[in-house]
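1. Sequence first, then the predicted structure, then my questions.
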Amino acid sequence: MSCAKINPALHQGQKPPWIKVRLPSNPVFFSTKALISDLRLHTVCESAQCPNRWECWSQGTATFMIAGDRCTRACGFCAVTTAKPFALEEDEPQRVAEAVRRMKLKHVVITAVARDDRKDGGADHFAHTITAIREMDPSVIVEVLVPDFHAEDWCIQIVLDAGPDVYNHNMETVERLTPLVRSRAKYLSRCTMGQYLRPTPKHLPVVEYITPEQFNYYGDIARSKGFLHVASGPLVRSSYHAADFHPVSRR
């Protein structure tokens, strides 16, 4: 595969013209913000400084982040706060379900911080949240974007037993780990690829800005490998336009 050339000027911190974020002007954005605040919920949109926050909230949708806003990991590319987490809030699953009801969501994405302080990595909290949404409205498509649970199958099974429609996981990997990725490829049906954007000067630097044309090329490769749904672009994120993907059947 060919790679885009590194522009020295862009490497020094200047973002390319294709990475643009519109500031909010839609009243729906502010009503979404108010609802999230009212229900005391966290979103990855805010905590991870997602560039699509303005667009998604203006459309009345958001990706909920459960299990608090303090992560036990210190990833060099992530803006989520690393600190000793607070105890899980037992009523959080019901508050998420209420947000889904008020926002009239038909497809909801639930993610979480890494909770290495808990034996199950927070898997049971995911299950309770899925159940709460199902009890509120069984027709809602529930997608979970989970941490790695240290690859413990029993933790993964707890989440799967709750019956999410989509089980999603980010993979930031290197060549020596790709056999593991390939060994599980038969379970994959969806692929999203996006540009890493440095949250702060303390995070890992951007080595290269990939052009939209190059992302289109990567997307074509993914489709040729059999992925049913592919989203590939500079501002694409795991949950970006998640509702565009429709699972074939529910577990």
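-> That came through, no problem. Numbering: from 1, shown residues only.
2. what's around the residue lying closest to residue 61 once chain neighbours are set aside, how many residues?
-> Nearest residue to residue 61, sequence neighbours excluded (C-beta to C-beta, 6 or more residues apart in numbering): residue 105, at 6.4 Å. Heads up, the C-betas are built off the backbone N, CA and C, glycines and all. A total of 20 residues lie near residue 105 under the criterion other C-beta atoms under 10 Å.
3. which SSE is the closest residue to residue 118 other than its chain neighbours in?
-> Among residues not flanking residue 118 along the chain, residue 88 sits closest, at 7.8 Å (C-beta to C-beta, 6+ apart). Here residue 88 sits in a region with no helix or strand, counting by DSSP states H and E.
4. Shouldn't residue 124 be within a helix?
-> Yes - Residue 124 sits within a helix when classified using DSSP: H, G, I helix; E, B strand; the rest coil.
5. neighbours of the spatially closest residue to it that is not a sequence neighbour, just the number please.
-> The shortest distance from residue 124 to any non-neighbouring residue, by C-beta to C-beta, 6+ apart, is to residue 158 (5.8 Å). Residue 158 has 19 neighbours, counted by other C-beta under 10 Å.
6. if I read this right, residue 158 contacts residue 125, doesn't it?
-> No - counting by C-beta atoms under 8 Å, residue 158 stays clear of residue 125, with 9.7 Å between them.
7. Flag every buried residue along stretch 152-161.
-> By neighbour count on 16 or more other C-beta atoms under 10 Å, the buried set for stretch 152-161 is 155, 156, 158, 159, 160.
8. And for stretch 51-59?
-> 51, 52, 53, 54, 55, 56, 57, 58.
9. Right, I'll call it a day here.
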